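**Student:** Give the three-dimensional model of this entry:
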Amino acid sequence: MAKSRRDTADYYTLLARKEGYPARSVYKLEEIQQRHKIIKPKDRVLDIGAALVLGLCIPTVN
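**Tutor:** As a prediction, this is how the structure comes out:
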(Lines give C-alpha, C1' and ligand atoms only; values in the text may rest on other atoms or scores of the structure.)
Protein backbone atom coordinates (compact mmCIF):
# COMPACT_ATOMS: atom_id res chain seq x y z
CA MET A 1 0.00 0.00 0.00
CA ALA A 2 1.28 3.47 -0.93
CA LYS A 3 2.33 5.59 2.01
CA SER A 4 2.63 8.92 0.21
CA ARG A 5 1.96 10.55 -3.16
CA ARG A 6 5.54 9.81 -4.18
CA ASP A 7 4.85 6.08 -3.94
CA THR A 8 2.00 6.19 -6.45
CA ALA A 9 2.23 6.70 -10.19
CA ASP A 10 0.34 9.69 -11.56
CA TYR A 11 -1.35 9.96 -14.96
CA TYR A 12 1.78 11.11 -16.82
CA THR A 13 3.98 8.45 -15.24
CA LEU A 14 1.58 5.73 -16.33
CA LEU A 15 1.25 7.26 -19.80
CA ALA A 16 5.04 7.43 -20.17
CA ARG A 17 5.35 3.76 -19.26
CA LYS A 18 2.59 2.84 -21.70
CA GLU A 19 4.20 4.79 -24.55
CA GLY A 20 7.67 3.44 -23.79
CA TYR A 21 9.31 6.63 -22.51
CA PRO A 22 11.77 6.27 -19.62
CA ALA A 23 10.39 9.30 -17.76
CA ARG A 24 7.32 11.51 -17.52
CA SER A 25 9.37 14.64 -18.23
CA VAL A 26 9.03 14.04 -21.98
CA TYR A 27 5.57 15.56 -21.77
CA LYS A 28 6.94 18.77 -20.23
CA LEU A 29 9.56 18.98 -22.98
CA GLU A 30 6.84 18.47 -25.57
CA GLU A 31 4.78 21.27 -24.00
CA ILE A 32 7.76 23.64 -24.00
CA GLN A 33 8.45 22.83 -27.65
CA GLN A 34 4.83 23.48 -28.65
CA ARG A 35 4.70 26.82 -26.82
CA HIS A 36 8.12 28.27 -27.57
CA LYS A 37 9.45 26.36 -30.61
CA ILE A 38 12.91 26.13 -29.06
CA ILE A 39 14.01 23.38 -31.47
CA LYS A 40 13.68 24.20 -35.14
CA PRO A 41 14.16 22.01 -38.23
CA LYS A 42 17.84 21.37 -38.99
CA ASP A 43 18.89 22.36 -35.44
CA ARG A 44 21.49 20.20 -33.73
CA VAL A 45 20.58 18.71 -30.36
CA LEU A 46 23.15 17.52 -27.86
CA ASP A 47 21.74 14.88 -25.55
CA ILE A 48 23.78 14.59 -22.36
CA GLY A 49 22.46 11.51 -20.62
CA ALA A 50 18.74 12.12 -21.11
CA ALA A 51 17.79 9.74 -23.89
CA LEU A 52 14.16 10.77 -23.77
CA VAL A 53 15.12 14.16 -25.20
CA LEU A 54 16.22 12.55 -28.45
CA GLY A 55 12.93 10.69 -28.74
CA LEU A 56 11.14 14.03 -28.78
CA CYS A 57 13.70 15.94 -30.85
CA ILE A 58 14.37 13.59 -33.75
CA PRO A 59 10.98 14.14 -35.43
CA THR A 60 11.38 17.91 -34.97
CA VAL A 61 14.83 18.37 -36.50
CA ASN A 62 14.42 15.99 -39.44
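**Student:** Going by C-alpha atoms from here, please, whenever you check contacts or count neighbours.
**Tutor:** Noted.
**Student:** May I ask which helix or strand of the protein has the lowest mean pLDDT?
**Tutor:** helix 51-61 (a mean of 62; mean pLDDT, DSSP states H and E).
**Student:** where's residue 31 relative to residue 24, distance?
**Tutor:** Distance from residue 31 to residue 24, counting by C-alpha to C-alpha, to the nearest Å: 12 Å.
**Student:** same check, this time on residue 34
**Tutor:** Counting by C-alpha to C-alpha, the gap from residue 34 to residue 24 is 17 Å.
**Student:** Compare the two (neighbour count), which wins?
**Tutor:** residue 24 (17 against 11; other C-alpha atoms under 10 Å).
**Student:** which phi and psi does the more buried one have?
**Tutor:** Main-chain dihedrals, residue 24, degrees, to the nearest 10: phi -80, psi -10.
**Student:** hang on, it packs against residue 16?
**Tutor:** Yes - using C-alpha atoms under 8 Å, residue 24 is in contact with residue 16, at 5.4 Å.
**Student:** just checking, residue 23 touches residue 15?
**Tutor:** No - with contacts counted by C-alpha under 8 Å, residue 23 stays clear of residue 15, the gap being 9.6 Å.
**Student:** Could you pull up the residues touching residue 38?
**Tutor:** Listed by C-alpha atoms under 8 Å, 6 or more residues apart in numbering, the contact partners of residue 38 are residue 32.
**Student:** What's the local residue count around residue 17?
**Tutor:** 12.
**Student:** Lovely, talk soon.
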